[in-house]
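Q: Provided below for reference: sequence and predicted model.
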Amino acid sequence: MFAALVLAAPAGAALTVDPSALWKIVHQYCVPNEEAHGSPAPCAAVDLHKGVAAGYAVLKDIRGRTQYLLIPTARVTGIEDPQLLRPGAPNYFADAWRERGRTEQAAGRALPRDGLSLAINSPHARSQNQLHIHIDCLRPDVRRALQRAAPTLGEDWTPLPVLLAGHRYWARRVFGRDLDGRNPFKLLAAGKPGARRAMGEQTLVVAGAVFRGGRPGFILLDDQLDLAAGDDAGGEELQDHSCALARR
């Protein structure tokens, strides 16, 4: 019921709900239920093995059968929150990638690595002021574009030669099966020109990838706010909440 009140509208839509509703769901229901009863309800999971300050909850989004949200159990507003860049900050993207199996389970089949994605929107493209990472399938057209671009990517942020969802994204590669030791928030702030000074204008998407020779990794994608051009920096636009990939 609580999730339905928060998540029924598309990204960027004007909502009349409390912008702290996600935080209240996690803080007032999921965490207390997990601590008292060993049940994360109404969340799908609560992980507190590192404590509440570094823990997270996973909540099913009512839009799409395969979309989940990873939400910190600490109060973190969003991509613009300075605590995400502090030494020792939790790597919520690494946690979200480990939880991708919930999307696959909802899809009813294993999904290719490069068909899965994680996304966080800018403050201008979200309704909630509690950090939440969208876990879901990648749009088929975006997947094809990234497959073509993958051989050209390096470890520096560079503009992609093609538009994604009509917007100009910057990209870089990261090798590895997981994101442990590689925090996308910090890689964005440290590597993309001007990003650290304007984190509240960024959106960040992490797409699973397979590089030359079958080497596993990720493609990190960033788009910056440009309201004059109608770009609210909502990277969730690259995801497919219908998960067409699961129907193939």
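A: That came through fine.

Q: what residues are up against the residue positioned nearest the centre of the chain?
A: The centroid of the chain falls nearest to Ala119 when counting by CA atoms, centre = their mean (2.6 Å). Shown in contact with Ala119 (CB atoms under 8 Å, 6 or more residues apart in numbering): 133-134, 136, 203-206, 235-236, 238-239. Every C-beta, even on glycine, is put in place using the N, C-alpha and C of the backbone.

Q: I'd like the distance between Ala41 and Pro87.
A: Between Ala41 and Pro87 the distance, using CB to CB, to the nearest Å, works out to 34 Å.

Q: ok so, going back, output the contacts of Ala119 in a markdown table, with distance to Pro161, neighbour count and pLDDT appended to each entry.
A: Conversion of those to a markdown table gives the following (distance: CB to CB, whole Å; neighbours: other CB atoms under 10 Å; pLDDT from 0 to 100):
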| residue | distance to Pro161 | neighbour count | pLDDT |
| --- | --- | --- | --- |
| Ile133 | 27 | 27 | 98 |
| His134 | 26 | 24 | 98 |
| Asp136 | 25 | 29 | 98 |
| Thr203 | 19 | 29 | 98 |
| Leu204 | 20 | 25 | 98 |
| Val205 | 17 | 29 | 99 |
| Val206 | 20 | 25 | 99 |
| Gly235 | 18 | 28 | 98 |
| Glu236 | 23 | 22 | 98 |
| Leu238 | 16 | 26 | 98 |
| Gln239 | 22 | 26 | 98 |
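
Q: Any figure for the gap between the nearest residue to Pro184 once chain neighbours are set aside and Ala44?
A: Taking CB to CB, 6 or more residues apart in numbering, and ignoring the residues beside it in sequence, Pro184 has Phe93 as its nearest neighbour in space, at 4.6 Å. Using CB to CB, one gets 18 Å for the distance from Phe93 to Ala44.

Q: Who has more neighbours out of these two?
A: Looking at Phe93 and Ala44 with other CB atoms under 10 Å, you find the greater number of neighbours at Phe93, namely 23 against 17.

Q: Just the element for that one, please.
A: Element membership of Phe93, judged by DSSP states H and E, is helix 92-98.

Q: Quick one: list the elements packing against that helix.
A: Counting contacts by 3 or more CB pairs under 8 Å, 6 or more residues apart in numbering; DSSP states H and E, helix 92-98 packs against strand 68-72, strand 116-120, strand 133-138, helix 184-191, strand 202-211.

Q: Quick one: the ones you listed as CSV, columns for distance to Ile62 too.
A: Shown next, in CSV, are the helices and strands packed on helix 92-98 (distance: least, CB to CB, whole Å):
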stretch, distance to Ile62
strand 68-72, 11
strand 116-120, 17
strand 133-138, 13
helix 184-191, 26
strand 202-211, 21
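
Q: doesn't Leu69 make contact with His241?
A: No: under the criterion of CB atoms under 8 Å, His241 makes no contact with Leu69, lying 11.8 Å away.

Q: joint contacts of the two?
A: Counting by CB under 8 Å, 6+ apart, the shared contacts of His241 and Leu69 are Asp61.

Q: and the next element down the chain from the lowest-mean-pLDDT helix or strand in the chain?
A: Taking mean pLDDT, DSSP states H and E as the measure, the helix or strand of the chain with the lowest value is helix 2-7, at a mean of 43. Downstream of helix 2-7, the next assigned helix or strand under DSSP H and E is helix 21-24.

Q: I'd say Pro123 and Gly78 touch.
A: Yes: contact criterion CB under 8 Å: Pro123 and Gly78 qualify, at 5.7 Å.

Q: quick one: contacts for Leu111?
A: Going by CB under 8 Å, 6+ apart, Leu111 touches 103-104, 137, 245-246.

Q: Helices - which of those residues land there?
A: Among those, the residues falling in helices (DSSP state H) are 103-104.
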